[in-house]
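Peer 1: coords below, sequence missing:
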Ligand code: DAH
């Protein structure tokens, strides 16, 4: 049996060990030796079962009192030692508040210029009430060409240097879409006007030099309603260019052109002073009024509905706006390039904050 003398001695021993603990590891060692699973106080508790029943209650209470005294003393001593440890650290460490903020790992990552420009363009068109639509990269001949009024013998089919998959047993062939225009067809076939969408995505053509890569990005635009006309088209593109190049006025030139899916068709050049090259014109997109055949191919009555479409090269926009001379490294995965031309994760384009931050 453990006498009350033994218990008092144990208490005195433990309290003096606690008071004498000089640092945090010493105090932890005392805690383990007293209250740990095999500690001196815990051992006492395990003796409870061997006591005569009439003594158990009193003994249990005494040990519990001892236990909480020891625990309190441990906490108090630990708090003192922690304060002392902090004081010692503060004496040796210095913080120079004039140093620049050090980047965390998440801030060292870079947003690719194509992603950044895509966000910019979406922000601008969303503000004008456009929704974002998407279509698959793998398309049918019908979607990529026929329904867009580009018949099999049309030279545009050759111009596009299409990547074809092997023909299926029934003779039809899938292909990698050569432009985002098929999303026009998908949208008009699935939803009733009024339609106001942009469709960003990857497109593919067998082509490679300083300004061409086999995969690149386009954004298609489509507006269909009962009274949409070319004035709307010009206004939308003008507003887009002003917002995108972040200038009050942009000189624009609408040049007559030809696309099978629009009539009339135009290509748009911007005066390059917007990007610091006065006197030059830069082509940025193709556009036009949607051809009645295309409307008909999607089940829309061209007597009732009309509208406009446009297609912009996204990578080209990024090159123009941010002065990037060569397209190929866009897709080279070179981190040095990305660190140089990329954007911080917090540079989120907003109209309120200034599109490019
Ligand atoms: N799809 C055309 C191309 O890739 C670009 C284009 C021109 C899209 C005129 C249009 C448009 O929607 O109206 O060359």
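Peer 2: Received it, and whenever you're ready, just let me know what you need. If you're wondering where the values come from, they're calculated on a predicted model, not measured in any experiment. Numbering: from 1, shown residues only.
Peer 1: How many neighbouring residues does residue 90 have?
Peer 2: Neighbourhood size, residue 90 [other Cβ atoms under 10 Å]: 10. C-beta: built from backbone N, CA, C; applies to glycine.
Peer 1: now swap in residue 110 and tell me
Peer 2: Close neighbours of residue 110, defined as other Cβ under 10 Å, add up to 19.
Peer 1: Report the contact partners of residue 113.
Peer 2: Contact analysis of residue 113 by Cβ atoms under 8 Å, 6 or more residues apart in numbering lists 318, 322, 324, 330, 341-343.
Peer 1: no no, residue 346
Peer 2: Contacts of residue 346 (Cβ under 8 Å, 6+ apart): residue 107.
Peer 1: how about a cut-off of 6 Å?
Peer 2: Listed by Cβ atoms under 6 Å, 6 or more residues apart in numbering, the contact set of residue 346 is empty.
Peer 1: helix/strand/coil for it?
Peer 2: Per DSSP: H, G, I helix; E, B strand; the rest coil, the secondary structure class of residue 346 is coil.
Peer 1: from what I can see, residue 70 looks like it's in a helix, true?
Peer 2: Yes - counting by three-state DSSP, residue 70 is found in a helix.
Peer 1: now for the helix or strand harbouring residue 183, which elements pack on it?
Peer 2: Applying DSSP states H and E as the criterion places residue 183 in helix 182-190. Contacts defined by 3 or more Cβ pairs under 6 Å, 6 or more residues apart in numbering; DSSP states H and E place helix 182-190 against helix 141-144.
Peer 1: Would you mind listing the outside residues contacting the helix it packs on?
Peer 2: With contacts defined as Cβ under 6 Å, 6+ apart, helix 141-144 is touched by 175, 177, 182, 185.
Peer 1: Now, of these, which are buried?
Peer 2: With neighbours counted using 16 or more other Cβ atoms under 10 Å, the contacts of helix 141-144 contain these buried positions: 175, 177, 182, 185.
Peer 1: In helices only, show me the contacts of residue 113.
Peer 2: Using DSSP state H, the members of these that fall in helices are 318, 322, 341.
Peer 1: Please tabulate these in a markdown table, including the columns neighbour count, pLDDT and distance to residue 249.
Peer 2: As requested, the ones in helices among the contacts of residue 113 are exported to a markdown table (neighbours: other Cβ atoms under 10 Å; pLDDT from 0 to 100; distance: Cβ to Cβ, whole Å):
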| residue | neighbour count | pLDDT | distance to residue 249 |
| --- | --- | --- | --- |
| 318 | 24 | 92 | 22 |
| 322 | 14 | 89 | 21 |
| 341 | 18 | 94 | 27 |
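Peer 1: Looking at these, which one is closest to residue 9?
Peer 2: Within these, the smallest distance to residue 9 is 75.8 Å, found for residue 341 (Cβ to Cβ).
Peer 1: Name the nearest of the contacts of helix 141-144 relative to residue 278.
Peer 2: Checking those against residue 278 by Cβ to Cβ gives residue 177 as the nearest, at 36.9 Å.
Peer 1: remind me which residues of the protein are low pLDDT?
Peer 2: Scanning the chain for pLDDT under 70 picks out the ranges 1-2, 156, 159-160, 274-275, 357.
Peer 1: before we move on, the earlier item: Serialize the ones in helices among the contacts of residue 113 to a markdown table and add fields for distance to the ligand.
Peer 2: Shown next, in a markdown table, are the ones in helices among the contacts of residue 113 (distance: Cβ to the nearest ligand atom, whole Å):
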| residue | distance to the ligand |
| --- | --- |
| 318 | 17 |
| 322 | 22 |
| 341 | 24 |
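Peer 1: Now render the residues you listed as JSON lines, adding distance to residue 285.
Peer 2: Formatted as JSON lines, the ones in helices among the contacts of residue 113 follow (distance: Cβ to Cβ, whole Å):
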{"residue": "318", "distance to residue 285": "14"}
{"residue": "322", "distance to residue 285": "18"}
{"residue": "341", "distance to residue 285": "22"}
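Peer 1: Residue 13: which of these is nearest?
Peer 2: Distance to residue 13 across the ones in helices among the contacts of residue 113 (Cβ to Cβ) is lowest for residue 341, with 70.1 Å.
Peer 1: Now do the contacts for that closest one.
Peer 2: Residues near residue 341 by Cβ under 6 Å, 6+ apart: 113, 324.
Peer 1: Check whether residue 200 sits in a helix, strand or coil.
Peer 2: Per three-state DSSP, residue 200 ends up strand.
Peer 1: That one and residue 219 touch, don't they?
Peer 2: Yes - assessed by Cβ atoms under 6 Å, residue 200 is found in contact with residue 219 at 4.5 Å.
Peer 1: Common neighbours of these two, please.
Peer 2: By Cβ under 6 Å, 6+ apart, residue 200 and residue 219 have no common neighbours.
Peer 1: I'd like the distance between whichever residue of the stretch 101-250 of the chain sits closest to the ligand and residue 232.
Peer 2: Nearest to the ligand, among the residues of the stretch 101-250 of the chain, is residue 179, at 3.3 Å (Cβ to the nearest ligand atom). From residue 179 over to residue 232 the distance is 22 Å, taken as Cβ to Cβ, to the nearest Å.
Peer 1: between those two, who's got more neighbours?
Peer 2: residue 179 (24 against 14).
Peer 1: So for that one, what's the nearest residue that isn't a sequence neighbour?
Peer 2: residue 203 (5.3 Å; Cβ to Cβ, 6 or more residues apart in numbering).
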